[in-house]
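**Q** Sequence and predicted structure are below.
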Amino acid sequence: MAPAQNIKTLNQYKRKNALSLTALNVLRLLTACLVLAQVMPARAEGGDEKPAKKGYNREAVARYNQGREFYKTGYFNKAVEAYKQAIALDDRMEQAYCNLGLTYIQQKNYAKAQEALLKAVALKPDRASSLNGLASVLFFRGKKEEAIEKWQEAVKVDPKFASAYLNMGKAMESLDQLDDAQKAFSTALKLQPDLAQAYYSLGLLMLKRNHEGQAHYLLSRAVELEPESEYARDARKQVASLTDKFAKEAKASGEAEEEPMKVVGANIDHELKNHTKAHALSEPNVKTHDAQKAEKPAKRGFNLLKRKEGKEGKEKAEAVKMKLYHPTGDKSQDLKARPPVEPGLE
């Protein structure tokens with residue numbers, strides 16, 4: 001064989017073997033990739049990013065807002081149905097469960113109220129209004145210690161929740177924990193100086209503890225702040241009775257002026273610290289007898305209950321009233337719906 005032909009044959013042999021080697025390397029690489037794919041866990045689509053939280057179902061939000069309007073106008077049965085429909089359309093709506101529970105409280109259906117509020121708390125344990133509502137239900141059902149625990153949870157979530165302190169104080173007073181009740185009422189007034197119901201409750205407590213000068217002031221403030229409230233009528237009677245008593249005592253003897261008492265827990269007002277019997281006598285009464293007579297009753301049903309059932313009815317009518325977040329006024333209850341979608345895609 002000629003030398004030139006030998007060189008050509010050698011070059012062809014080298015090219016052929018090189019191609020075979022490349023193919024072999026590619027095959028090895030693919031095999032390695034397949035093995036790695038089986039060993040390594042698959043990553044979710046989109047990497048490590050969590051899917052964006054979707055808003056609530058639009059129709060559910062519409063039913064929810066309808067329920068709030070029904071509640072606002074006093075149509076509680078319709079409000080209940082609207083909230084139920086909202087929940088059926090989107091059972092993530094803890095606000096709907098909360099408002100459903102508050103509506104059941106208005107209807108005095110405490111078993112169903114507790115069931116709804118427990119669901120609300122399970123969905124969102126740190127909503128103060130749900131905890132406040134649940135505590136109120138527990139109180140009405142006679143579970144006062146448990147109720148106080150829930151109110152304590154509520155004020156941990158929202159330390160400025162004056163209504164929870166007010167309600168807690170009423171529960172503590174009913175358990176004869178008077179010092180704790182006084183602190184709770186005082187804290188409520190420190191947080192919300194215009195909370196008339198807290199003035200009334202603390203005024204009655206001061207009366208019970210024989211601090212009549214302070215009771216006079218607190219009850220007078222309750223009437224000034226909410227003259228048409230259910231408790232204003234009783235507060236006026238208490239103020240008038242105290243004023244008469246102070247006047248008779250002052251006329252009968254020149255006894256020393258009552259020692260001012262500092263309210264435990266909060267400096268709610270400079271006047272409260274120094275309000276004595278003598279101070280009460282120097283101020284005009286909250287309202288004259290004629291003005292009281294001319295004033296419309298706070299609530300007709302409230303007064304009818306007292307007349308019909310005598311002493312027992314009066315006790316029922318004047319039983320502890322819990323201060324709840326109004327479902328139409330709590331800004332934290334506002335909801336956002338999902339953005340509109342094309343028909344058939346939702």
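**A** Yes, it's here. Numbers count the residues shown, from 1 in each chain.

**Q** Now do the buried residues in stretch 73-91.
**A** Neighbour-count burial for stretch 73-91 flags F76, K78, A79, V80, E81, A82, Y83, Q85, A86, I87, L89, D90 (criterion: 16 or more other Cβ atoms under 10 Å). Bear in mind the C-beta positions are built from the backbone N, C-alpha and C, glycine included.

**Q** which residue packs closest to the second one, ignoring adjacent ones?
**A** Leaving out its chain neighbours, the residue that sits closest to K78 by Cβ to Cβ, 6 or more residues apart in numbering is F70, at 4.2 Å.

**Q** just checking, next helix/strand downstream of the helix or strand harbouring the one you found?
**A** For F70, the host element (DSSP states H and E) is helix 58-72. Following helix 58-72 in sequence order, the next helix or strand is helix 76-89 (DSSP H and E).

**Q** mean confidence for that following helix?
**A** Average pLDDT, helix 76-89: 96.

**Q** immediately after it, which helix or strand?
**A** Past helix 76-89, the next helix or strand by DSSP H and E is helix 94-106.

**Q** what residues go with each domain of this structure?
**A** 55-159, 160-298 (automatic domain parsing).

**Q** comparing these, which gets the lowest mean pLDDT score?
**A** domain 160-298 (a mean of 80).

**Q** quick one: the helix holding F70 to helix 94-106, angle?
**A** Per axes from the mean of the first three to the mean of the last three Cα atoms, to 10 degrees, the angle that helix 58-72 makes with helix 94-106 is 30 degrees.

**Q** What helices and strands are in contact with helix 58-72?
**A** helix 76-89, helix 94-106 (3 or more Cβ pairs under 8 Å, 6 or more residues apart in numbering; DSSP states H and E).

**Q** what packs against the shortest one?
**A** Meaning helix 94-106. Going by 3+ Cβ pairs under 8 Å, 6+ apart, helix 94-106 lies up against helix 58-72, helix 76-89, helix 110-123, helix 128-140.

**Q** buried ones in that helix?
**A** E94, Q95, A96, Y97, C98, N99, L100, G101, L102, T103, Y104, I105.

**Q** could you check the angle helix 76-89 makes with that helix?
**A** Using the same axes, to 10 degrees: helix 94-106 against helix 76-89 is 150 degrees.

**Q** contact partners of helix 94-106?
**A** 60, 64, 67-68, 71, 76, 79-80, 83-84, 86-87, 110, 112-117, 119-120, 123-124, 127, 129-130, 133-134, 136-137, 140, 322, 324-325, 327, 332-333, 335 (Cβ atoms under 8 Å, 6 or more residues apart in numbering).

**Q** Are any of those buried, and if so which?
**A** Here the buried ones among the contacts of helix 94-106, as counted with 16+ other Cβ under 10 Å, turn out to be 60, 64, 67-68, 71, 76, 79-80, 83, 86-87, 110, 112-114, 116-117, 119-120, 123, 127, 129-130, 133-134, 136-137, 140, 322, 324-325, 327, 333, 335.

**Q** buried ones in whichever strand or helix holds A181?
**A** Using DSSP H and E, A181 maps to helix 178-191. The neighbour-count check on helix 178-191 (16+ other Cβ under 10 Å) flags D180, A181, Q182, K183, A184, F185, S186, T187, A188, L189, K190, L191 as buried.

**Q** tell me which of these is nearest to S163?
**A** A188 (7.3 Å; Cβ to Cβ).

**Q** The closest one and Y200 touch, don't they?
**A** No: under the criterion of Cβ atoms under 8 Å, A188 lies out of contact with Y200, with a separation of 11.3 Å.

**Q** buried set for the helix or strand that contains Y165?
**A** In this assignment (DSSP H and E), Y165 forms part of helix 162-174. Across helix 162-174, burial judged by 16+ other Cβ under 10 Å covers A162, S163, A164, Y165, L166, N167, M168, G169, K170, A171, M172, E173.

**Q** can you tell me which two in the residues you listed are farthest apart?
**A** A162 and E173 (16.6 Å).

**Q** re earlier: can I get the helices and strands packed on helix 94-106 in TSV with distance to L205?
**A** Converted to TSV, the helices and strands packed on helix 94-106 look like this (distance: least, Cβ to Cβ, whole Å):
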stretch	distance to L205
helix 58-72	32
helix 76-89	32
helix 110-123	26
helix 128-140	17
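
**Q** Of all the ones you listed, which one is nearest A222?
**A** So among the helices and strands packed on helix 94-106, helix 128-140 is nearest, using Cβ to Cβ, at 20.6 Å.

**Q** Which other helices and strands does the following helix or strand past that closest one contact?
**A** Remark: after helix 128-140, the chain's next helix or strand is helix 144-157, criterion DSSP H and E. In this structure, helix 144-157 makes packing contacts with helix 128-140, helix 162-174, judged by 3+ Cβ pairs under 8 Å, 6+ apart.

**Q** Make CSV out of those helices and add distance to E230.
**A** What follows is the helices and strands packed on helix 144-157, written out as CSV (distance: least, Cβ to Cβ, whole Å):
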stretch, distance to E230
helix 128-140, 17
helix 162-174, 15
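
**Q** outside of the host helix or strand of L205, which residues touch it?
**A** Here L205, judged by DSSP H and E, is contained in helix 196-208. Helix 196-208 is contacted by residues 162, 165-166, 169-170, 173, 178, 181-182, 185-186, 188-189, 192, 212, 214-219, 221-222, 225-226, 229, 231, 235, 238, 242, 261, 263, 321, 323 when judged by Cβ under 8 Å, 6+ apart.
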